[in-house]
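>>> for reference, the sequence and a predicted model appear below.
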Amino acid sequence: MDFVLEARDPGSKARAGTITTSHGSIATPVFMPVGTAGTVKALHHVDLTETVKARIILGNTYHLYLRPGLDVLEPAGGLHQFMSWDKPILTDSGGYQVYSLAHRRKLTEEGVTFQSHIDGSRHMFSPEKAVDIQRVIGADIIMAFDECTPYPCDHDYALNSMQLTHRWLDRCLTHFRNTSPLYGHEQSLFPIVQGSTFHNLRKESAYYIADKQCPGNAIGGLSVGEPAEIMYEITELVCDILPQEKPRYLMGVGTPANILECISLGIDMFDCVMPTRNGRNGMLFTRAGIINIRNQKWKNDFSVIDEHGTAYVDQHYTKAYLRHLFAANEMLGPIIASMHNLSFYLWLVDEARKHIMKQTFQGWKQSMTEILTRRL
């Protein structure tokens, strides 16, 4: 994997660059649609490439491990072949599921034992196994196994968790270097900065991760309930330490306004379920503000979904029609809304990139943020 920085915005810490992988190049800043189980919910691949214009998607190690399973993915030739996707893929390590399955897991030095949410069967993830699973999945970018701390948590818990994540990282890197990709293309491993909301721990973790000299670095444990201001503080603190010449990935963030703010702090890569999850529930992010399409006010609104939108769905369906689809529980409603929201997110980061290249990002961001947080 290669990363080239192409421009910086003089009014902020925003950057534009290009990541090159075996499955293609990724212009940054980039938003990665979440394809948890080998599919971005409700979207066909042609929609992802031609309408949404996704350059990379994210897969989930925990979910793919449980279903369809490694006994299907390996003979299929990995996730790219299995799902017929020829662009880059990033997989998380399963560490976030360690966090989200707190009621059904046991955490030890060796790893995490957990119960499947599907059938209750018991499984064990260690740093080495997380690498092995991601070798089988075959993603271009894979993540080190970590523990995502809850919010709030006390300093001692955050310290012990961070230190465990660092020890697990060392084991991940050793195993990664002692194994090889399975399908003839390169894989790159990113470590993850942890430390909850404590500045001293985040600094320590960022220096530890930077010292590993991996191809890129991630920031985890944010967007888990903390106020946005704290998320921004930690993001800026960590970005000031992580290497300038490596891409920075902020995991699980967030709203359009969050994304623009974190781009201004030096983040290059984002993922979040929000555009598709909120879309399935009738919330649309538009260039005029936020719409709850289920509201009665849209019943007789025959204007298009987003008059300034560039996606097919923005210009060919009306708000009244989309509201009708949701009211009638027609599956086309969530499909259109998901496609619109993802198209909007990809448009947003593309516009951010254009303004960074023109060195006009900061002023544009300030005017856009006011619009992005407006409810219509």
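Looks like it arrived, so ask away.

>>> for stretch 58-78, buried residues please.
Buried residues in stretch 58-78, counted by 16 or more other CB atoms under 10 Å: 58-66, 73-74, 78. C-beta: built from backbone N, CA, C; applies to glycine.

>>> so which of those residues sit within helices?
61-66, 73-74 (DSSP state H).

>>> could I get these as CSV with pLDDT?
Shown next, in CSV, are these (pLDDT from 0 to 100):
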residue, pLDDT
T61, 96
Y62, 95
H63, 94
L64, 97
Y65, 97
L66, 96
L73, 98
E74, 98
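
>>> distance of the nearest residue to Y157 once chain neighbours are set aside from R105?
Nearest residue to Y157 in three dimensions, chain neighbours excluded: T149, at 6.8 Å (CB to CB, 6 or more residues apart in numbering). Separation of T149 from R105 (CB to CB, to the nearest Å): 14 Å.

>>> so these two - more neighbours on which side?
It is T149, of T149 and R105, that has more neighbours when counted by other CB atoms under 10 Å, with 24 against 18.

>>> quick one: contacts for that one?
T149 makes contact with 99, 157-158, 161-162, 194-196, 221, 224, according to CB atoms under 8 Å, 6 or more residues apart in numbering.

>>> one more: Y249?
90, 190, 216-219, 267-270.

>>> any weak-confidence spans in this protein?
Applying pLDDT under 70 to the chain picks out residues 98.

>>> can you tell me the helix or strand for H123?
Assessed by DSSP states H and E, H123 sits inside strand 122-125.

>>> quick one, helices of the stretch 151-300 of the chain?
155-177, 199-210, 228-239, 256-264, 274-280 (DSSP state H, counting those that start in this stretch).

>>> picking that back up, can you lay out the ones in helices among the buried residues of stretch 58-78 as CSV showing distance to G11?
Below are those laid out as CSV (distance: CB to CB, whole Å):
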residue, distance to G11
T61, 38
Y62, 40
H63, 40
L64, 41
Y65, 44
L66, 46
L73, 45
E74, 49
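
>>> distance of the nearest residue to L201 once chain neighbours are set aside from L265?
Leaving aside its chain neighbours, L201 sits nearest to G195 (3.2 Å; criterion: CB to CB, 6+ apart). Distance of G195 to L265, given as CB to CB: 17 Å.

>>> quick one, which of those two is more surrounded?
When neighbours are counted by other CB under 10 Å, G195 comes out ahead of the other of G195 and L265, with 28 against 21.

>>> so who does the more buried one touch?
Here G195 is in contact with 149, 158, 162, 201-205, 221, 234 (criterion: CB under 8 Å, 6+ apart).

>>> any idea how far R171 is from it?
Remark: distance between G195 and R171 (CB to CB) = 19 Å.

>>> closest to I142 out of the helices of the stretch 151-300 of the chain?
helix 155-177 (8.1 Å; CB to CB).

>>> what does the closest one contact?
Applying CB under 8 Å, 6+ apart, the contact partners of helix 155-177 are 93, 109, 111, 126-128, 130-132, 144-147, 149, 153, 189, 191-192, 194-198, 201, 204-205, 208-209, 212, 214.

>>> if any of these are buried, give me the ChimeraX selection for them.
To isolate the buried members of the contacts of helix 155-177 in ChimeraX, using 16+ other CB under 10 Å:
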select :93,111,126,127,128,130,131,132,144,145,146,147,149,153,189,191,192,194,195,196,197,198,201,204,205,208,209,212,214
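
>>> in strands, which of the contacts of helix 155-177 fall?
If you go by DSSP state E, these have 189, 192 in strands.

>>> the stretch 1-150 of the chain: strands as residue ranges?
For the stretch 1-150 of the chain, the strands defined by DSSP state E, counting those that start in this stretch occupy 2-8, 15-21, 24-28, 30-32, 57-59, 89-91, 105-107, 112-115, 122-125, 141-143.

>>> show me what the first one packs onto, helices and strands only.
When contacts are defined as 3 or more CB pairs under 8 Å, 6 or more residues apart in numbering; DSSP states H and E, strand 2-8 sits against strand 15-21, helix 332-358.

>>> again, only this time at 6 Å
Other elements packing on strand 2-8 under the criterion 3 or more CB pairs under 6 Å, 6 or more residues apart in numbering; DSSP states H and E are strand 15-21.

>>> what lines up beside the strand it packs on in the sheet?
Strand 15-21 sits in its sheet next to strand 2-8 (antiparallel), strand 24-28 (antiparallel), going by DSSP bridges.

>>> deepest of those strands, which one?
strand 24-28 (a mean of 19; mean count of other CB atoms under 10 Å).

>>> just want the angle from that strand to helix 332-358.
Interaxial angle, strand 24-28 versus helix 332-358 (axes from the mean of the first three to the mean of the last three CA atoms, to 10 degrees): 70 degrees.

>>> now strand 24-28 and helix 256-264, what's the angle there?
Interaxial angle of strand 24-28 relative to helix 256-264 (the same axes, to 10 degrees): 100 degrees.

>>> contact partners of strand 24-28?
Here strand 24-28 makes contact (CB atoms under 6 Å, 6 or more residues apart in numbering) with 17-19, 55-56, 87-88, 268.

>>> PyMOL command for the buried members of the residues you listed?
Only the buried entries of those go into this PyMOL selection, using 16+ other CB under 10 Å:
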select buried, resi 17+19+55+56+87+88+268
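
>>> would JSON lines of the contacts of strand 24-28 with distance to I305 be doable?
Listed next are these as JSON lines, based on distance: CB to CB, whole Å:
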{"residue": "G17", "distance to I305": "32"}
{"residue": "T18", "distance to I305": "31"}
{"residue": "I19", "distance to I305": "31"}
{"residue": "R55", "distance to I305": "23"}
{"residue": "I56", "distance to I305": "26"}
{"residue": "K87", "distance to I305": "26"}
{"residue": "P88", "distance to I305": "29"}
{"residue": "D268", "distance to I305": "29"}
